[in-house]
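A.B. asks: the sequence and its predicted three-dimensional model are supplied below.
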Amino acid sequence: MSIRFPRPLSPGDLIGVTSPSAGVEARMQPRLDVAVADLRTRGYDVRVGECMSADRHVSAPKQQRADELTAMLLDPAIRAVVPPWGGELAIDLVDLIDWDALASAEPTWLVGYSDLSTILVPLTLRSGWATLHGANLMDSPYDAPEGLLHWTEVAAATGPVTQTAPGRHRTARHGDYVGNPGVHTYDLDAEGGWQVLGGGNLEVSGRLIGGCVETLGAMSGTPYADVAAFGREHADEGLIVYVEACEFGAFDVARILHGFRLAGWFDEATAILVGRPMAPDAPGFTQHDAVADALGGLDLPVVLDVDCGHVAPFLPLVNGAHARVVVHNGRGEVTQELG
């Protein structure tokens with residue numbers, strides 16, 4: 001299946017907002033309002049759906065969530081769909097979405113990360129749509145730091161986009177959206193570049209695919225996350241597989257990464273990118289140890305502390321895009337071909 005890219009975003013385009021997983025509680029409503037206003041300030045119209053409640057652990061019953069998300073993705077007036085954030089049970093939707101109908105439709109940008117990986121990856125693998133792993137709606141008001149692009153800039157691109165790691169990151173999980181709902185500048189209070197496991201530099205290329213370890217680990221042996229088949233289909237180019245962990249401990253992450261390896265995710269890979277971890281270490285066994293244990297024996301480069309995942313800032317990566325990754329003396333650079 002060839003990859004189809006959504007039409008680039010243009011001023012005046014309509015962006016849909018729905019919550020396929022967790023909704024937005026009342027104390028976070030001011031931040032949601034700021035985020036919607038920010039998109040409008042950037043020149044876009046915004047339509048907020050019905051599945052937004054935080055009365056339970058999900059925004060609405062699963063069929064309603066699946067129907068609203070599918071309807072937004074199939075609506076020709078909507079050019080991008082961006083949920084407020086992830087959650088826990090987007091997996092409720094994977095066997096309720098009509099992937100074949102989406103495969104026959106004009107693609108729309110679906111944007112997000114964390115639990116949205118549960119939808120982003122099968123939308124690329126089963127329906128052939130390029131999808132955008134990056135900031136969610138609640139992060140959208142942040143200004144992209146030097147070297148990175150805002151997700152709307154990536155979605156609006158008409159040619160290759162190059163981004164470079166800023167070399168700084170935030171240690172806090174997210175900003176104070178209750179006390180300061182208008183926050184738009186990252187507090188990048190820590191330094192750190194990208195590192196190749198075992199040392200050295202690299203330059204590789206391949207098709208991007210990946211997402212959150214916790215959510216994709218539940219699907220790696222199913223038809224909804226058959227990365228091995230995607231790799232065989234693109235064996236002439238190879239894959240660049242990226243993974244990142246949110247909160248699972250180091251031993252859990254190691255087990256899931258071993259599962260990805262045993263499922264053939266890396267058989268056609270040219271490199272593996274591992275997001276900078278926020279997840280906890282275990283006594284005597286760090287998150288980096290988990291990566292080395294599961295992936296260190298593979299005959300391909302593994303890059304640590306990439307800016308993709310739950311640690312800000314967020315490097316927008318497009319599932320299905322052909323990419324070139326360069327790491328030199330801790331400085332990371334990614335060029336993506338969007339078309």
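C.D. replies: Sure, I can see it.

A.B. asks: for the residue nearest the centre of the chain, give the beta-bridge partners.
C.D. replies: A centroid search over the chain (CA atoms, centre = their mean) returns His133, at 2.5 Å, as the residue closest to the centre. Beta-bridge partners of His133, counted by DSSP bridges, are Gly112, Leu317.

A.B. asks: how close does it sit to Glu233?
C.D. replies: Going from His133 to Glu233 by CB to CB, to the nearest Å gives 20 Å. In short, each C-beta sits where N, CA and C put it, glycine included.

A.B. asks: tally of neighbours for the nearest residue to Leu257 once chain neighbours are set aside?
C.D. replies: Once flanking residues are discounted, Leu257 sits nearest to Ala294: 3.5 Å by CB to CB, 6 or more residues apart in numbering. By other CB atoms under 10 Å, the residues close to Ala294 number 23.

A.B. asks: just the CA trace of the strand or helix carrying Ala294, in CSV.
C.D. replies: For Ala294, the element it lies in under DSSP states H and E is helix 287-295. Extracted as CSV, the C-alpha positions of helix 287-295 are listed here (Å, rounded to 0.1, in the frame of the first residue of the first chain):
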residue,chain,number,x,y,z
GLN,A,287,15.3,3.1,30.9
HIS,A,288,18.5,3.2,28.8
ASP,A,289,19.4,-0.2,30.2
ALA,A,290,16.0,-1.4,29.0
VAL,A,291,16.7,-0.2,25.5
ALA,A,292,20.2,-1.8,25.5
ASP,A,293,18.8,-5.1,26.8
ALA,A,294,16.1,-5.4,24.2
LEU,A,295,17.7,-3.7,21.2
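
A.B. asks: what's it packed up against?
C.D. replies: Helix 287-295 makes packing contacts with helix 250-262, strand 269-275, strand 302-306 when contacts are defined by 3 or more CB pairs under 8 Å, 6 or more residues apart in numbering; DSSP states H and E.

A.B. asks: at 7 Å instead, please
C.D. replies: Helices and strands touching helix 287-295, by 3 or more CB pairs under 7 Å, 6 or more residues apart in numbering; DSSP states H and E, are helix 250-262, strand 302-306.

A.B. asks: wait, which of the ones you listed is closest to Leu315?
C.D. replies: Closest approach to Leu315 among the helices and strands packed on helix 287-295 (CB to CB): strand 302-306, 7.0 Å.

A.B. asks: quickly run through the sheet partners of the closest one, with directions.
C.D. replies: Next to strand 302-306 in the sheet, as set by DSSP bridges, lie strand 195-196 (antiparallel), strand 269-275 (parallel).

A.B. asks: need the residues that contact the last one.
C.D. replies: Contacts with strand 269-275, where a contact means CB atoms under 7 Å, 6 or more residues apart in numbering, come from 202, 204-206, 231, 238-244, 266, 291, 295, 300-304, 306, 308-309, 311, 325.
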